[in-house]
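*Asks:* next come a sequence and a model predicted from it.
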Amino acid sequence: MSLRRACVIGHPVAHSRSPLIHRYWLKEHRIEGDYVREDVAPEAIERFLDRLGERYVGANVTIPHKEAAFRKLKRADPVARALGAANTLWFEDGALCGSNTDVYGFSAHLDESLPGWEKRTVTALVLGAGGAARGVIYALLERGVRRIAIANRTRARGEALARQFGEKCTVMDFAELSPRLAETDLLVNTTSLGMKGQPSLEIDLLPLKRAAAVYDIVYVPLETRLLAAARARGHPVIDGLGMLLHQAVPGFERWFGVRPKVTPALRALLLADLGEKERR
Ligand code: ATR
């Protein structure tokens, strides 16, 4: 293999911004490499991954293949094992290895936005109980958050997450949110509510602890109604775009040997591509 190439595997994958991010870094570091999209249907994913190494030094994996990619790993790191899903693949001695860098992306963006947040965060409230929530809960526990409340439309999914992550997690219904908000230091939306084309997340922030931070992992639109309402009430707000940018860092480093930086210029490039403007 002459040119080092990586790809993002998804279905559909046309919307993926990963090529924009990685090509920006390749150019910045003057690396002779490329990063492309691979649209792979579910019935073809196993065979595609079997032959990945013939063409690529590694890959990102997005919906709906993260679980299938995890199952193909010869070596999964502890994060991928805890999540049962891999979004970043590379090779070591020919063996397919994988991690889930959404966890790193979530924490890194929080560290950048609110340095020292973990010292002020005793209790977090996580909305949603899908794959994204699993990554967020892993990240919060890893950083020492002591209590995590999980609210989800389908209570059984929240309960399954609480069982996996242990006694620091409790489960509630959306209807029970109000009293819990008063003791919440960090509120995180991991549901698809508020995303372009989806219903918005209707939650009354009036009872939310005054110093609480609000993080929405949605990034289209950049400022969801949840974040707009939180900002208007004076809460620190954290959007989902930084998580997308930071989760790309470990993969790039593995494939191309340089640890890239998430800079304002890169964020501006993505914002322009999304047709968004920075809110302050
Ligand atoms: P991901 O892997 O991105 O987290 P997912 O597993 O499909 O995606 O999870 C989506 C999350 O958004 C879930 O928590 C889902 O709630 P359910 O478990 O009840 O399905 C939540 N969600 C999606 N649409 C919703 C809606 N209209 N109202 C409330 N919650 C919704």
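*Replies:* It's in. Numbering: from 1, shown residues only.
*Asks:* for the record, mean pLDDT for stretch 167-179?
*Replies:* In this model, stretch 167-179 has an average pLDDT of 95.
*Asks:* buried residues in it?
*Replies:* Within stretch 167-179, the residues scored as buried using 16 or more other CB atoms under 10 Å are 168, 169, 171, 172, 177. C-beta: built from backbone N, CA, C; applies to glycine.
*Asks:* what number of residues lie near the nearest residue to the third one once chain neighbours are set aside?
*Replies:* Spelled out, it's residue 171. Counting by CB to CB, 6 or more residues apart in numbering, residue 171 lies nearest to residue 158, which is 4.2 Å off, once chain neighbours are set aside. The number of residues packed near residue 158 is 24, by other CB atoms under 10 Å.
*Asks:* touching, residue 70 and residue 85? I think so.
*Replies:* Yes: using CB atoms under 8 Å, residue 70 is in contact with residue 85, at 5.2 Å.
*Asks:* report the contact partners of residue 13.
*Replies:* Residue 13 makes contact with 37, 38, 39, 40, 62, according to CB atoms under 8 Å, 6 or more residues apart in numbering.
*Asks:* residue boundaries of the helices in the stretch 151-280 of the chain?
*Replies:* 155-165, 177-181, 225-232, 241-247, 249-256, 264-274 (DSSP state H, counting those that start in this stretch).
*Asks:* next, the buried residues of the first one.
*Replies:* Spelled out, that is helix 155-165. In helix 155-165, counting by 16+ other CB under 10 Å, buried: 157, 158, 159, 160, 161, 162, 165.
*Asks:* what is the neighbour count of residue 147?
*Replies:* Residue 147: 17 neighbours (other CB under 10 Å).
*Asks:* from memory residue 25 sits against residue 252, does it?
*Replies:* Yes: in terms of CB under 8 Å, residue 25 counts as a neighbour of residue 252; the distance is 5.5 Å.
*Asks:* need the overlap of contacts for the two.
*Replies:* In contact with both residue 25 and residue 252: 258, 260, using CB under 8 Å, 6+ apart.
*Asks:* and which of the contacts of residue 13 is nearest the ligand?
*Replies:* The closest of these to the ligand turns out to be residue 62 (CB to the nearest ligand atom; 10.1 Å).
*Asks:* and the closest residue to the closest one other than its chain neighbours, what does it touch?
*Replies:* Of all residues not flanking residue 62 in the chain, residue 10 sits nearest, at 3.9 Å (CB to CB, 6+ apart). Each residue near residue 10 by CB under 8 Å, 6+ apart is listed here: 16, 37, 38, 39, 40, 61, 62, 63, 64, 65.
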